[in-house]
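[1] all I have is the shape, not the residue letters:
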């Protein structure tokens, strides 16, 4: 890359919408460019969408025996519920005016990664999703408190079976390794002691209940501190630690700023902003105002969902508006890309970067974009206005997708396409749109 | 075993699959003619390694079961298999009842079971322990993958490079990522990009551009592999998989068998099966998963034995760790240490090998390992890939030559 200076102001604004949002439609991006980076950042950080009023109500399904004749219909109902939940969230991501909360909710979903494949209750996943949305914007400590008693997370990590005299370490270990401290910051003894603090919870009918008789009362020594810890006390202790601040700051940095780690002074600046209040917004502001955030080299491969939602937002067409066949095609492509909301591959969440740069991924992206854009009977807002002339058309595609500039390669590749929908399909798989510059 | 899958030619195979870029940063698109010209058929004497990774930490003690050991029975009464439930391997050991097909391979001498495989100072994190296995670096598992280093060491810069190591998972596993070269992903099925201007434009997006950052250069290079294959695959695109695979692993191994039989010049394949994190209700879950492994691996090994290229293949099956000896009270087990590694194929010397881990001489409740997995890697690198083991497991001197004939 020849240009080693700082990003232009317009590119910083575009990057803010990519990284702290889910991409912006043309009118929004142009208005933000006029307002400038500071105002754009302030707006992204402080504007919140109203709470969702349309969360699907998905009744609990109690498994019939495998040989029950109604079992097949029940399996179908379960799979319909999953699809409803996935589509609901994707369409919320695609339509919110103030996307930062959805972006951060999406980040926390990958952080406290919980999967339908084991939880098998889409309604429970939506409850967790709403918790991530409401608690995930301010204090990490409060979010972690909510998550440690979140029913879906407890079922996912078997904590409802964690008992005095019969501890189950699953939640205790992941709480430290993946949710608060990072691997290597604790000992095996800490894991066993933390598991004791998390005993006492039972799960039934979508509710987690504390039963004192099942709780392992008594002192536990975790990370050198001895106290009669319970779940809440344990989370307080973990999230107050300096190594937790460094871990959370680095996780967000890697997903929103750069795949290279922050420098030591940079990390100090980030953890200062996060502070004893474990402020998510403070940390986000510090990330977005770092020098690296304006470095042209800090490019990131868009996660498949970020890419797909960026496209849906740019053309003003959520997946839910497609006909059933195209909707299924679109969802299948997210699966082929290795990223379906509510179905992370494991408790570590999704990988980033290189795994999403493969020819099989390109095929999936083309199919997704085609499902979104091909049906000529539907007119996405952005396609209402086909311009004439090659340069005007390319400029229109660039502005529609919110790309800073086309490379000579991409200009040459896209120039022969006259049809605006086809132009957007090809442009959507270009390196310029697949990678957040 | 299914035998009605047509044996594909190399050309038909390449037409039927997506091959990922070698990920050399800024690499230009590779031409079909170059691939066809330089690939050639697989060297008839070249060994092929298939790594099957069981994600989640497979419980070794309920895989190779010491059913005759009272300590085993007492440690996990709800989970333990009785001696008459397991498939007898002698010495008080038996396979999990779900492994009927593998028991047959064991009896034929085409399956070796290496007991108690691990590494020093075992880590109980899924991710760190898997990273240790995949990088073969127990102290600093952040760098290149062990087979990525093989890719780095053996690259000849030819157009066939991207074909040397293939993953049948859509997401490339770290074991195939080196410092300079990486394996590729592959998937059965058509590469039907739209015809007309969209397809033409996408093919043209593969050109390198001086303004590309490294990620965009990689994206362009990967589009290059796709567009080149598509442009030249004028014939029908044919699936290489069964109509109804019994599991995702079955689909993956079926594809690999077709590739091997087509003499594609690929020396390393990676496939996987996940879900082994059995903290609760272990018996049912593990039996289901081991059943999938059995139903996929058994016909795969038997099929390979029937052809010359297939007889060059060694399959290795491993997980990131075994599990605790003692059950955890949720009818499951927590993260443990050493576990068995399975090796299968014609070049393998079958049977049980390695010391059976003691159930009484434990390390904080965990089994002690007696075989370092790097002994196996070095042996496989040297004898299957013909590589210098030092390039793969740098400085590690252990070997386990007895597992190969």
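    Cool, got the structure. All of these numbers come straight from a predicted model, not from anything done at the bench.
[2] who's in contact with residue A:277?
    Residue A:277 makes contact with A:139, A:141, according to C-beta atoms under 8 Å, 6 or more residues apart in numbering or on different chains. In this view, the C-beta of every residue, glycine as well, is placed from N, C-alpha and C.
[3] ok, now residue B:69?
    Applying C-beta under 8 Å, 6+ apart, the residues near residue B:69 are B:92, B:359.
[4] from chain A, how far off is it?
    22 Å (C-beta to the nearest C-beta, to the nearest Å).
[5] quick check: phi and psi on that residue?
    Dihedral angles of residue B:69 (phi, psi; degrees, to the nearest 10) stand at phi -100, psi 120.
[6] just residue B:257 next, same as before
    Torsion angles, degrees, to the nearest 10, at residue B:257: phi -60, psi -40.
[7] ok, residue 316 - how many residues close by?
    Using chain A here. Counted with other C-beta atoms under 10 Å in any protein chain shown, the neighbours of residue A:316 add up to 19.
[8] you answered for a different chain; I wanted chain B.
    Around residue B:316 there are 23 residues (other C-beta under 10 Å).
[9] what's the separation between it and residue B:221?
    30 Å (C-beta to C-beta, to the nearest Å).
[10] what does residue A:220 give?
    Taken as C-beta to C-beta, the span from residue A:220 to residue B:221 is 52 Å.
[11] and residue A:150, by the same measure?
    42 Å.
[12] neighbour-wise, which of these two wins?
    A side-by-side neighbour count of residue A:150 and residue B:221, using other C-beta under 10 Å, places residue B:221 first with 28 against 22.
[13] for stretch A:408-417, the averaged confidence score.
    Mean pLDDT, computed over stretch A:408-417, is 97.
[14] gap between that stretch and the chain center?
    Centre-to-centre, stretch A:408-417 and its host chain are 32 Å apart (C-alpha atoms, centre = their mean, to the nearest Å).
[15] who's in contact with it?
    Under C-beta under 8 Å, 6+ apart, the answer for stretch A:408-417 is A:390, A:393-394, A:397, A:406, A:423, A:426-427, A:430-432, B:197-198, B:200-202, B:204-205, B:207-209, B:211-212, B:220.
[16] find the nearest non-adjacent residue to residue 151, please.
    Went with chain A since none was named. residue A:208 (4.8 Å; C-beta to C-beta, 6 or more residues apart in numbering or on different chains).
[17] hmm, no, I was thinking of chain B.
    Per C-beta to C-beta, 6+ apart, closest to residue B:151 is residue B:181, 4.1 Å.
[18] now the one you found: how far from residue B:145?
    11 Å.
[19] over to residue B:334?
    27 Å.
[20] quick one: low-confidence parts of chain B?
    For chain B, the stretches flagged by pLDDT under 70 are B:1-41, B:157-162, B:187-192, B:225, B:227-243.
[21] sorry, back to before: the residue nearest to residue B:151 contacts residue B:155, doesn't it?
    Yes - assessed by C-beta atoms under 8 Å, residue B:181 is found in contact with residue B:155 at 5.2 Å.
[22] next, the contact list for residue 370, please.
    By default, I'm working from chain A. So residue A:370 contacts A:329, A:425, B:194, B:198 (C-beta under 8 Å, 6+ apart).
[23] um, chain B though
    So residue B:370 contacts B:115-116, B:338, B:354-355, B:357 (C-beta under 8 Å, 6+ apart).
[24] tell me which stretches of the stretch 301-405 of chain B form strands.
    Applying DSSP state E, counting those that start in this stretch to the stretch 301-405 of chain B gives strands spanning B:313-319, B:339-344, B:351-353, B:371-372.
[25] cool, chain A as well?
    A:201-204, A:207-210, A:220-222, A:225-227, A:300-301, A:435-436 (DSSP state E).
[26] could I get these as CSV with mean neighbour count?
    Formatted as CSV, the strands of chain A follow (neighbours: other C-beta atoms under 10 Å in any protein chain shown):
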stretch, mean neighbour count
strand A:201-204, 16
strand A:207-210, 13
strand A:220-222, 19
strand A:225-227, 11
strand A:300-301, 22
strand A:435-436, 24
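[27] would you turn the ones you listed into JSON lines with mean pLDDT?
    Below are these laid out as JSON lines (pLDDT from 0 to 100):
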{"stretch": "strand A:201-204", "mean pLDDT": "96"}
{"stretch": "strand A:207-210", "mean pLDDT": "97"}
{"stretch": "strand A:220-222", "mean pLDDT": "97"}
{"stretch": "strand A:225-227", "mean pLDDT": "95"}
{"stretch": "strand A:300-301", "mean pLDDT": "96"}
{"stretch": "strand A:435-436", "mean pLDDT": "98"}
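[28] and those as CSV, adding distance to residue A:287?
    Below are those laid out as CSV (distance: least, C-beta to C-beta, whole Å):
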stretch, distance to residue A:287
strand A:201-204, 34
strand A:207-210, 33
strand A:220-222, 30
strand A:225-227, 30
strand A:300-301, 12
strand A:435-436, 14
